[in-house]
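Student: model this:
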Amino acid sequence: MVFLIFKKIFNMIWEKADEGDKKIKNKEIKPENIIKKEFEIDFPTNTNIKYLSLSLKFNIYYDEKEIARPVILDIHGGGWAYGDKDLNDNFCYHLAKLGYNVVSLSYTLAYKAKLINQLQEIHFLVNHLLTNKNKYHLDMDNLFITGDSAGGELTFLYTAIIQNNEKYGGLYKIFNKNNIKIKGIALNHATCYLKDLGDFPDHKFITLICRHGIKRMLYGAFFKYRKIYKHTDPNDIFPTTNGFPPILILTSRGDTLYAFQSILLNDDANRYAIKHKFINLDNEKAIHVFNVLYPDLDDSKYFNTSIANFFNDIIKEESLNQEK
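Tutor: Numbers count the residues shown, from 1 in each chain. Now for the predicted structure:
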């Protein structure tokens with residue numbers, strides 16, 4: 001009964017968000033000389049992984065010359081239950097303008113899919129891009145991932161699985177057979193901590209619904225007994241990690257998840273000596289994922305340029321190390 005109430009409230013929230021997102025996107029002026037191409041590929045049926053959709057849709061945002069450039073895979077947010085490859089259109093256009101070929105995807109949403117299904121679809125796409133990098137004009141030797149809100153959690157967890165594949169590959173049925181390498185990630189107002197997600201001290205009823213509803217949505221019923229439940233949050237992953245690519249953590253004072261998500265992530269990254277950079281915008285008007293919604297704002301340009309510069313520095317540092 002509680003879960004049914006949660007689903008109804010959750011759906012109402014995202015229906016309202018969809019109305020607002022469409023108005024925002026229609027007003028945004030897209031950067032010049034950037035083109036967007038849409039693709040669709042079939043999921044395989046002769047595999048031990050059960051894909052819940054027949055096909056996977058994705059976009060690639062290019063410079064108009066359509067040449068190979070470093071790649072940013074952008075994983076959209078939306079509470080794991082809302083959005084598609086076009087949700088972050090404006091954001092992806094702006095990242096492409098900053099020197100990257102940007103890929104976005106439509107992963108199968110909850111409630112149809114669980115967390116593990118979404119991660120497996122992301123992995124399928126990355127393998128497809130790697131195998132067909134010349135066809136799509138992608139420099140997959142320089143692969144980076146960005147994720148906002150729930151997409152930030154998917155970004156973090158997918159990176160952890162790839163980086164520590166011997167430990168987590170079997171658990172998630174995600175095997176890095178093609179030696180995928182993720183050079184760095186940017187977590188934008190990310191919701192990486194799921195075990196305490198939905199704890200709202202001033203709203204006991206919302207806490208009751210969200211605390212159990214979100215976890216059941218992502219893991220399934222009896223979620224505490226699921227194997228992956230104890231291998232999801234950064235404070236689960238960091239203590240046992242065998243290295244981790246550099247992380248850019250972006251947050252702002254206007255984010256409602258500010259205190260128990262991004263701040264906690266920065267603290268844990270410091271505690272476990274994970275290489276990272278923390279950008280915290282001291283502006284209460286800078287709301288959750290503002291730079292994705294409104295990339296033309298000055299603060300948004302600062303955030304999004306910081307993402308590109310962070311990735312650029314990783315490429316430069318690796319290039320210098322190879323010359324030595």
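
Student: drop to CA atoms for contacts and neighbour counts, all remaining ones
Tutor: Will do.

Student: quick check: the gap between residue 85 and residue 78.
Tutor: Remark: distance between residue 85 and residue 78 (Cα to Cα, to the nearest Å) = 12 Å.

Student: which one's more surrounded, the two?
Tutor: Counted by other Cα atoms under 10 Å, residue 85 and residue 78 do not tie: residue 85 has more neighbours, with 20 against 17.

Student: quick one: pLDDT of that one?
Tutor: Looking at residue 85, its pLDDT stands at 97.

Student: next: residue 322.
Tutor: In this model, residue 322 is scored at 82, pLDDT.

Student: can you verify it is assigned to a strand?
Tutor: No - using DSSP: H, G, I helix; E, B strand; the rest coil, the assignment for residue 322 is helix, not a strand.

Student: what's the distance between it and residue 315?
Tutor: Look at residue 322 and residue 315: by Cα to Cα, they are 11 Å apart.

Student: which of these two has more neighbours?
Tutor: residue 315 (16 against 8).

Student: need the three-state assignment for the more buried one.
Tutor: Residue 315 ends up helix, using three-state DSSP.

Student: help me confirm that it comes into contact with residue 144.
Tutor: No - counting by Cα atoms under 8 Å, residue 315 stays clear of residue 144, with 10.3 Å between them.

Student: what ranges do the helices span in this structure?
Tutor: Taking DSSP state H to define them, one finds helices in the chain at 2-27, 89-97, 115-131, 133-136, 150-163, 165-172, 204-219, 234-237, 263-271, 290-293, 298-323.

Student: now those in JSON lines, with distance to residue 33?
Tutor: Listed next are the helices of the chain as JSON lines, based on distance: least, Cα to Cα, whole Å:
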{"stretch": "helix 2-27", "distance to residue 33": "18"}
{"stretch": "helix 89-97", "distance to residue 33": "8"}
{"stretch": "helix 115-131", "distance to residue 33": "23"}
{"stretch": "helix 133-136", "distance to residue 33": "18"}
{"stretch": "helix 150-163", "distance to residue 33": "27"}
{"stretch": "helix 165-172", "distance to residue 33": "39"}
{"stretch": "helix 204-219", "distance to residue 33": "39"}
{"stretch": "helix 234-237", "distance to residue 33": "39"}
{"stretch": "helix 263-271", "distance to residue 33": "36"}
{"stretch": "helix 290-293", "distance to residue 33": "20"}
{"stretch": "helix 298-323", "distance to residue 33": "18"}
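
Student: list just the one of those that sits closest to residue 278.
Tutor: Across the helices of the chain, residue 278 has its closest neighbour in helix 263-271 (6.7 Å, Cα to Cα).

Student: mind giving me the packing neighbours of the closest one?
Tutor: Applying 3 or more Cα pairs under 8 Å, 6 or more residues apart in numbering; DSSP states H and E, one finds that helix 263-271 contacts helix 234-237.

Student: pull out the buried residues from the helix it packs on.
Tutor: Residues of helix 234-237 classed as buried under the neighbour-count rule (16 or more other Cα atoms under 10 Å) are 234, 235, 237.
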